[in-house]
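K.L.:
Turn this into a structure:
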Amino acid sequence: MIKVLFICHGNICRSTMSESVLTHLVTQRNLTHQFEISSAATSREEIGNPPHYGTVAKLRQVGIPVVPHRAVQMTKTDYTYYDYLIGMDTANIRNMNRIAGGDPDNKIYKLLSFANSGRDIADPWYTGNFDETYADVQEGCEAFLDYLQKSGEI
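P.N.:
So this is what the prediction gives:
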């Protein structure tokens with residue numbers, strides 16, 4: 001079982017979109033039994049809130065089911081539990097390392113690093129551009145699955 005935790009600042013836009021996209025991709029590939037996928041925030045600002053309406057609208061537009069979700073905050077225990085903790089931007093990575101107390105097991109990644117890019121996924125909370133965010137998330141999730149396949153994990 002590959003346990004994946006997507007992380008962004010509030011856990012209502014990018015990380016929930018990533019959770020839904022990867023869940024959809026593994027379902028399409030009949031790999032559901034090999035994955036546990038969730039998402040969390042580095043902040044407490046949106047705890048308990050559902051996915052942002054822009055995330056919901058974009059996922060519906062492209063035919064991807066929205067995973068039922070309420071925002072939660074990442075904990076130090078998550079570092080031990082999950083195999084991959086995947087942040088959306090440089091600030092997320094810094095905060096994830098702070099929450100986890102470092103990354104001694106090399107489990108913390110930026111999503112687009114799997115696509116050989118150092119780019120951050122733009123935060124649609126500020127940009128309002130859910131199309132751009134979706135394109136980046138789709139690219140990152142596809143590249144993540146390719147990475148797992150090439151490494152023999154799936």
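K.L.:
Which elements pack onto the one helix or strand Leu85 maps to?
P.N.:
Using DSSP states H and E, Leu85 maps to strand 84-87. Judged by 3 or more CB pairs under 8 Å, 6 or more residues apart in numbering; DSSP states H and E, the packing partners of strand 84-87 are strand 2-8, helix 90-100, strand 108-110, helix 130-150. Backbone N, C-alpha and C define where each C-beta goes, glycine included.
K.L.:
Please identify the most buried of those.
P.N.:
Each of the helices and strands packed on strand 84-87 was scored by mean neighbour count; the highest is strand 2-8, a mean of 24, by mean count of other CB atoms under 10 Å.
K.L.:
tell me the angle that strand makes with helix 90-100.
P.N.:
When axes from the mean of the first three to the mean of the last three CA atoms, to 10 degrees is applied, the directions of strand 2-8 and helix 90-100 differ by 120 degrees.
K.L.:
how much does strand 2-8 deviate in direction from helix 130-150?
P.N.:
Going by the same axes, to 10 degrees, strand 2-8 makes 150 degrees with helix 130-150.
K.L.:
related to what we said a few turns ago, and the strand holding Leu85, average pLDDT?
P.N.:
Regarding strand 84-87, the rounded mean pLDDT is 98.
K.L.:
Quick one: distance of that strand to the chain centre.
P.N.:
Strand 84-87 sits 7 Å away from the centroid of its parent chain (CA atoms, centre = their mean, to the nearest Å).
K.L.:
one step back: got the helices and strands packed on strand 84-87 as a markdown table, with mean pLDDT and distance to Arg119 columns?
P.N.:
Compiled in a markdown table, the helices and strands packed on strand 84-87 are given as follows (pLDDT from 0 to 100; distance: least, CB to CB, whole Å):
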| stretch | mean pLDDT | distance to Arg119 |
| --- | --- | --- |
| strand 2-8 | 98 | 15 |
| helix 90-100 | 98 | 10 |
| strand 108-110 | 98 | 8 |
| helix 130-150 | 98 | 7 |
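K.L.:
before we move on, the earlier item: tell me the strands beside the strand holding Leu85, with direction?
P.N.:
strand 2-8 (parallel), strand 108-110 (parallel) (DSSP bridges).
K.L.:
what sits up against the last one?
P.N.:
With CB atoms under 8 Å, 6 or more residues apart in numbering as the test, strand 108-110 has contacts from 84-90, 92-93, 96-97, 100, 118, 120.
K.L.:
Count the neighbours of Leu66 for me.
P.N.:
You called it Leu, but residue 66 is Val. Using other CB atoms under 10 Å, Val66 is surrounded by 19 other residues.
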